[in-house]
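Trainee: what shape does this take:
(4 chains)
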2 protein chains.
Amino acid sequence: MQRFKIDDVAKETGLTKRTIRYYEEIGLIKPPERSEKGTRLYTKEDVEQLKKVIAAREVLGFSLQELHHFLTLKKAIESHHFEYRNAVDQDEKKQELQNIASILRKQIDMLEQKMKKMLELKNELEQLEQRVQTILQEEERRG
Amino acid sequence: MQRFKIDDVAKETGLTKRTIRYYEEIGLIKPPERSEKGTRLYTKEDVEQLKKVIAAREVLGFSLQELHHFLTLKKAIESHHFEYRNAVDQDEKKQELQNIASILRKQIDMLEQKMKKMLELKNELEQLEQRVQTILQEEERRG
DNA sequence: TATAACATTAACGTTAACGTTAGATTTAGT
DNA sequence: ACTAAATCTAACGTTAACGTTAATGTTATA
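Mentor: Below you'll find the predicted structure:
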């Protein structure tokens, strides 16, 4: 399979090489493969993962910590097999699952709040736009 | 009319006094009235303005610079009388208005992008929530 | 009227999220 | 095989958005 070096990834994603290494450093992306001599070699999936992170950061305005938190949560759900041997394990798992469920609900509610506020702002901007357009048209008529 | 001192405003908004002064310092909120001896005295409207800023910052994840940019834009539209004396003035005004219109459009498009991405993330979270709920229910049945 | 609980400015400290530079290897092109 | 270009780690620099502290003055209340 094809591997990309960090400069290619940088150009593809628009991030700097420093930023990519930094994201790896803080655990936001998984450390990629290395060549024998230590050069980072990224797969296509690595790049996709990185692009997701960028979208979440840029578009959603999440902090890197929030992103890390979310990614950890997702992995916890996806990787856990939820097997157990005895009653104690079962109880622990249940607690954990309910905890995760609670966090998820909060995040979803937060997103809904954000979207609501965003819609309000959008409406406000559109009203402003309308006003500007009206003024321009009036000038056109008079001009 | 009633005036509030900075500590009241801090308690009302949840910001620290330092933050409120800082927002004034960088021009994000207008400097409030002062008592003869220099104590800041805020009106109800000042507090409302501040709350709007908080919402935009917290909920929309805008940087203070972006907020400043937006507020400046809004003021430019609202305060401008769009009067002119001669053809040169008229041309300048028109340029300015078209510039503002262009910026507004970009911001609106950006908001739409953000909302779209946000919806995708919300769906993703809801799927995860569903999975967790399913697992919990299966345990309930077995348990 | 004293004193505790506020207010002010000024300045230095802190954390996140990188940028920049340095010095040493590695890889790629001729 | 040599040189230019790219990679690595390590470490210090920078900016935004405040926190903290200090030194000083003001307001409220017992």
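Trainee: quick one, helices of chain A?
Mentor: A:6-13, A:17-25, A:44-60, A:64-79, A:87-142 (DSSP state H).
Trainee: can you redo those helices as CSV with mean neighbour count and mean pLDDT?
Mentor: Backbone N, C-alpha and C define where each C-beta goes, glycine included. Output for the helices of chain A, formatted as CSV (neighbours: other CB atoms under 10 Å in any protein chain shown; pLDDT from 0 to 100):
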stretch, mean neighbour count, mean pLDDT
helix A:6-13, 15, 98
helix A:17-25, 15, 98
helix A:44-60, 16, 92
helix A:64-79, 14, 89
helix A:87-142, 14, 89
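Trainee: want to throw those helices into TSV with distance to DNA strand C?
Mentor: Formatted as TSV, the helices of chain A follow (distance: least, CB to the nearest atom of the strand, whole Å):
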stretch	distance to DNA strand C
helix A:6-13	10
helix A:17-25	4
helix A:44-60	6
helix A:64-79	3
helix A:87-142	17
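Trainee: reformat these as TSV; add distance to B:E66.
Mentor: Converted to TSV, the helices of chain A look like this (distance: least, CB to CB, whole Å):
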stretch	distance to B:E66
helix A:6-13	22
helix A:17-25	20
helix A:44-60	12
helix A:64-79	18
helix A:87-142	11
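Trainee: of all these, which one comes closest to DNA strand D?
Mentor: Comparing the helices of chain A by their distance to DNA strand D (CB to the nearest atom of the strand), the top pick is helix A:6-13, with 2.8 Å.
Trainee: just the angle for that closest one relative to helix A:17-25, thanks.
Mentor: 100 degrees (axes from the mean of the first three to the mean of the last three CA atoms, to 10 degrees).
Trainee: quick one: helix A:6-13 to helix A:44-60, angle?
Mentor: 40 degrees.
Trainee: my guess is A:T43 meets A:Q49, correct?
Mentor: No - shown here, A:T43 and A:Q49 do not form a contact pair, counting by CB atoms under 8 Å, at 9.3 Å.
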